[in-house]
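Asks: structure for the following, please:
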Amino acid sequence: MPPSSSPGRTLDPSSGRSGLPLGPDDPRSLGGYRLLRRLGEGGQGVVYLAVAADDEDGGRVAVKLLRGGAAATPRARARFVKEADAAREITNRHVARVLDTDMTGDRPFIVSEYVPGPSLQECVEEDGPLTPGGLRRVALRSAAGLAAIHRAGVVHRDFKPGNVLLGPDGPKVIDFGVARTADATPVTTGGAVGTPAYMAPEQIEDEPVGPPADVFAWAGTVVFAATGRPPFGGGPSAAVMRRIVTRPPDLGGLDGELGELVAACLDKNPAARPTARQIVRALRDGEAPAPRPRPKQIPRYRWRMMVALAAVVAAGFLLGFLL
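Replies: Residues are numbered from 1 along each chain as shown. Reported below is the predicted structural model:
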């Protein structure tokens, strides 16, 4: 992608993602890093723009202060170190690199590459959907970043337009604060992490979460970039998640090769979705993903839908009989 982050938008690297001033409760430093301002805040913590205290060149980084602080259990800290170490092995140019971590003090944090540019979310909200050429570039390069993440054995778990930054060197995937190694204990909705509009059915329905959930989120992100809205609409989180589990996606006119690929990635059965690597091959080389075999066992969320439907039908018959 050329230096402009999207058609019609010129990116000034010195002013992108300027953030907000530090508040009275924000720390002024973490470890060897001096915090300059807030870049954003989410369920996992606050992200700051910072510089290394001993860096004479003033090279900027993003520092994410994790919630929990001193209350984090030793097990949680050990797990985070393992996950952060895995993320540091990712060197793809379409992924913001994790540079440092500190879990020894009362305020655990991670340090990653700072990308001077707006997010895909901001770009589309301000300038509208991407042009076909810009959309394909963002789709391909973000998928390449996702494939690199999965090769490292990491599942992102919160892939969304806000976590794709459009920098001078093209799109980069950010935010591994909620990432999890692929061999970790499956995450369920009891501790679910993610953004409802881009969560896969298995994240919602208490199923094991792996790379296919990221692929589902990638497809939703592409739909947003093409149309300005996610494939299952907006509104209350509960309503959005119900539509994700029970209704087909609305691609908003996204068709052709990319539309077919996105539709396959939004399959409610995670085993039927292409892998991130297959997405890259399809977009880069025109190599259509081979159909993936569906498991014989019906996923639990499908059973629940079937049981609920049967219960409604039975209740209707019973009511009719009593009347």
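
Asks: what packs against the lengthiest strand in the chain?
Replies: The longest strand of the chain (DSSP state E) is strand 33-42. Packing contacts for strand 33-42, counted by 3 or more C-beta pairs under 8 Å, 6 or more residues apart in numbering; DSSP states H and E, involve strand 45-52, strand 60-66. Using the backbone N, CA and C atoms, a C-beta is placed for each residue, glycine as well.

Asks: mind putting those into CSV with distance to Asp206 and mean pLDDT?
Replies: Shown next, in CSV, are the helices and strands packed on strand 33-42 (distance: least, C-beta to C-beta, whole Å; pLDDT from 0 to 100):
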stretch, distance to Asp206, mean pLDDT
strand 45-52, 25, 89
strand 60-66, 25, 88
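
Asks: and of these, who's closest to Ile204?
Replies: strand 45-52 (23.2 Å; C-beta to C-beta).

Asks: tell me the strands beside the closest one, with direction?
Replies: Paired neighbours of strand 45-52 in the sheet (DSSP bridges): strand 33-42 (antiparallel), strand 60-66 (antiparallel).

Asks: any low-confidence regions in the chain?
Replies: Residues of the chain that meet the criterion pLDDT under 70 lie in 1-18, 42-44, 56, 67-73, 76-77, 79-80, 83, 176-194, 291-323.

Asks: kindly state the domain boundaries assigned to this protein.
Replies: Domain segmentation of the chain under automatic domain parsing yields 29-113, 120-296.

Asks: quick one, which of those is packed in tightest?
Replies: Greatest average neighbour count among the domains of the chain goes to domain 120-296 (a mean of 20), per mean count of other C-beta atoms under 10 Å.

Asks: and Val111, what helix or strand is that in?
Replies: In this structure, Val111 sits in strand 109-113 according to DSSP states H and E.

Asks: so that strand versus strand 33-42, what angle?
Replies: Interaxial angle of strand 109-113 relative to strand 33-42 (axes from the mean of the first three to the mean of the last three C-alpha atoms, to 10 degrees): 90 degrees.

Asks: hmm, who's touching strand 109-113?
Replies: For strand 109-113, contacts defined as C-beta atoms under 8 Å, 6 or more residues apart in numbering pick out 30-31, 33, 45, 50, 61-66, 84, 96-102, 172, 174, 176-177.

Asks: do stretch 257-267 as well
Replies: Defining contact as C-beta under 8 Å, 6+ apart, one finds that stretch 257-267 is touched by 135-136, 139, 215-216, 218-220, 222-223, 231, 249, 251, 254, 272-274, 279, 282-283, 286, 289.

Asks: mind jotting down where the helices sit in this protein?
Replies: 74-88, 120-127, 132-151, 201-204, 211-227, 237-246, 256-265, 276-285, 300-322 (DSSP state H).

Asks: from Ala87, how far out is Val262?
Replies: With the distance defined as C-beta to C-beta, to the nearest Å, Val262 ends up 26 Å from Ala87.

Asks: so who does Gly58 touch?
Replies: Applying C-beta under 8 Å, 6+ apart, we find Gly58 in contact with Val51.

Asks: now with 10 Å?
Replies: For Gly58, the contacting residues are 34, 36, 51-52, by C-beta atoms under 10 Å, 6 or more residues apart in numbering.

Asks: nearest to Leu22, of those residues?
Replies: Leu22 has its nearest neighbour among the contacts of Gly58 in Leu36, at 7.7 Å by C-beta to C-beta.

Asks: is the residue nearest to that closest one when sequence neighbours are not counted in a bridge, and if so with what?
Replies: Of all residues not flanking Leu36 in the chain, Leu49 sits nearest, at 4.7 Å (C-beta to C-beta, 6 or more residues apart in numbering). As for beta bridges, Leu49 partners with Arg37, Ala62 under DSSP bridges.

Asks: my guess is Val63 contacts Asp100. True?
Replies: Yes - in this structure, Val63 is within contact of Asp100 by C-beta atoms under 10 Å, at 8.8 Å.

Asks: common neighbours of those two, please.
Replies: Overlap of the contact sets of Val63 and Asp100 (by C-beta under 10 Å, 6+ apart) consists of 31, 33, 52, 109-112.

Asks: returning to that earlier point: for the strand holding Val111, output the C-alpha coordinates as CSV.
Replies: This file holds the C-alpha atoms of strand 109-113, laid out as CSV (Å, rounded to 0.1, in the frame of the first residue of the first chain):
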residue,chain,number,x,y,z
PHE,A,109,2.8,-4.2,30.5
ILE,A,110,3.8,-5.1,27.0
VAL,A,111,5.6,-2.9,24.5
SER,A,112,5.0,-3.0,20.8
GLU,A,113,5.9,-1.2,17.6
